[in-house]
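Undergrad: quick one, fold the following:
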Amino acid sequence: MRRRAIAYASLSAALFGASTPLAKLLVGSMAPLALAGLLYLGSGIGLAVWFAVRRKPLNAAARDLPWLAAAIVCGGIAGPALLMLGLARTDAASASLLLNLEVVFTAALAWIIFRENVDRRVFAGMLAIAAGGVVLSWEQVPRADGTIGPLLIAGACFVWALDNNLTRRVSGGDPVAIAGLKGLVAGTVNLALALALGAYLPAPGAMLLAGLLGLAGYGVSLVLFIFALRDLGAARAGAYFAVAPFYGAGIALLLLDEPTGAAFWAAAALMALGVWLHITERHEHEHVHEATTHRHEHVHDAHHRHPHDDGSDGHEPHSHEHTHARLRHRHPHYPDLHHRHRH
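TA: Numbering: from 1, shown residues only. Model (predicted):
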């Protein structure tokens, strides 16, 4: 499950990273905030169709709705708005450097507020990945006309980091439904705000391209990221996702014929070191699972030895409300849905 989660996080980063240089090709045909709205709407509409075609029950828990609503407000509405306002007051190089704060804020919130375990090896890996992002985006000496722009971009990184940790709280739910709802709400709000500020809708062809790009780079990417959150926790999944700028730079080299140099390969080495530190992590100690009742997709592993009284055919994985008895044991583990205990 851990290897699968790492693969999901890496593929999520690749899809999102690739969407950035491709989105640059559309910037000239529409306002940035309108583009953000169309990307999110494409994600939401596409995932809503996917959800309907699957004909899978929602299985939503009422207690998860406040966490999901807060994640949508932070990541889908506040984050893009703060970023757009900050970009208008900050040069591109400074903005690129500041965006690396997201992985730092994600880890800090996971560690300090949400009590997720982050040991020295994982922390060193995060620093290496963040340093790789800094090297990759250091195109010129950062400058800004004032402090407002950088503070707004830092604020965007903070609310996105909060979004990552809040989404972790609902990661046991259906990732397609979670990502689809986030895309629909965020897309509608951002596009409405863009139109209210005087932006115009682009040609239908450009709108379709933006929607398809949003479905892959925002929608499918977020679905994969939620799967990764479920088994890795916010700090580790966020660190893998921070490799996204490297994928974006690689695509830019191929499509936009941008030159490469020592900084690109230095960043690749730092990010590879960070990923290696995470992959080779081993965390094991005796721990206690308190009795709890919840709902999520699962198989009958060591943590799911329960009977079925609902006529289930036993097909796995499956999702239903189930109860865990109190359990004390020892085995290698990570901060997944069942291992979010204090250390």
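Undergrad: count of residues packed around Phe114?
TA: 18 (other C-beta atoms under 10 Å). Bear in mind the C-beta positions are built from the backbone N, C-alpha and C, glycine included.
Undergrad: leaving out sequence neighbours, find the closest residue to it.
TA: Leaving out its chain neighbours, the residue that sits closest to Phe114 by C-beta to C-beta, 6 or more residues apart in numbering is Asn165, at 5.2 Å.
Undergrad: so the one you found makes contact with Ile112?
TA: No - in this structure, Asn165 is not within contact of Ile112 by C-beta atoms under 8 Å, at 10.5 Å.
Undergrad: neighbour-wise, which of these two wins?
TA: Per other C-beta under 10 Å, whichever of Asn165 and Ile112 has more neighbours is Asn165, with 25 against 10.
Undergrad: am I right that Thr323 is in a helix?
TA: No - note on Thr323: no helix contains this position according to DSSP: H, G, I helix; E, B strand; the rest coil, which reports strand.
Undergrad: and it, how close does it get to Ala263?
TA: For Thr323, the distance to Ala263 equals 53 Å [C-beta to C-beta, to the nearest Å].
Undergrad: hey, which helix or strand in the protein has the poorest pLDDT?
TA: The weakest-scoring helix or strand in the chain, judged by mean pLDDT, DSSP states H and E, is strand 284-289 (a mean of 58).
Undergrad: quick one, strands of the stretch 151-300 of the chain?
TA: 284-289, 292-298 (DSSP state E, counting those that start in this stretch).
Undergrad: phi, psi of the residue lying closest to Pro202 once chain neighbours are set aside?
TA: Take Pro202 and drop its neighbours on the chain: the residue closest to it by C-beta to C-beta, 6+ apart is Met30, 4.2 Å away. Note on Met30: its backbone torsions stand at phi -160, psi 160 [degrees, to the nearest 10].
Undergrad: tell me how many other residues surround Met30.
TA: So Met30, with other C-beta under 10 Å, has 21 neighbours.
Undergrad: give the contact list for it.
TA: Leu38, Ala199, Tyr200, Leu201, Pro202, Ala206, Ala210 (C-beta atoms under 8 Å, 6 or more residues apart in numbering).
Undergrad: before we move on, back to that, pull the contacting residues for the residue nearest to Phe114.
TA: Thr106, Leu109, Ala110, Ile113, Phe114, Ala234.
Undergrad: mind checking pLDDT for it?
TA: Note on Asn165: pLDDT of 89.
Undergrad: same question, Arg326
TA: So Arg326 comes in at 69 (pLDDT).
Undergrad: distance of Phe158 relative to Leu152?
TA: From Phe158 to Leu152 the distance is 11 Å (C-beta to C-beta).
Undergrad: cool, Ala206 as well?
TA: 27 Å.
Undergrad: what about Thr323, neighbour count?
TA: 9.
Undergrad: let the chain start at 40 from now.
TA: With 40 as the first residue, the last one maps to Thr362.
Undergrad: for beta bridges, what are the partners of it?
TA: Thr362 has these beta-bridge partners by DSSP bridges: Thr332.
Undergrad: which of Ala245 and Leu191 has more neighbours?
TA: Legend: neighbour count by other C-beta under 10 Å for Ala245 and Leu191, higher for Leu191 (21 against 17).
Undergrad: that older thread, got the contacts of Met69 as a markdown table, with distance to Arg43 and pLDDT columns?
TA: Formatted as a markdown table, those follow (distance: C-beta to C-beta, whole Å; pLDDT from 0 to 100):
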| residue | distance to Arg43 | pLDDT |
| --- | --- | --- |
| Leu77 | 32 | 91 |
| Ala238 | 41 | 86 |
| Tyr239 | 44 | 85 |
| Leu240 | 40 | 85 |
| Pro241 | 38 | 84 |
| Ala245 | 36 | 87 |
| Ala249 | 31 | 90 |
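Undergrad: so of these, which ones are in helices?
TA: Leu77, Ala245, Ala249 (DSSP state H).
Undergrad: give the contact list for the residue nearest to the first one when sequence neighbours are not counted.
TA: Put plainly, it is Leu77. Spatial nearest neighbour of Leu77, excluding adjacent residues (C-beta to C-beta, 6+ apart): Ala249 at 3.9 Å. Taking C-beta under 8 Å, 6+ apart, we find Ala249 in contact with Ala62, Leu65, Met69, Leu74, Leu77, Leu78, Gly81, Pro241.
Undergrad: separation between Ala249 and Val224?
TA: For Ala249, the distance to Val224 - C-beta to C-beta - is 17 Å.
Undergrad: burial count for Gly244?
TA: Neighbour number of Gly244 under other C-beta under 10 Å is 9.
Undergrad: related to what we said a few turns ago, buried among the contacts of Asn204? Make that a ChimeraX selection.
TA: Typed into ChimeraX, the line below selects the buried ones among the contacts of Asn204, using 16 or more other C-beta atoms under 10 Å:
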select :145,148,149,153,273
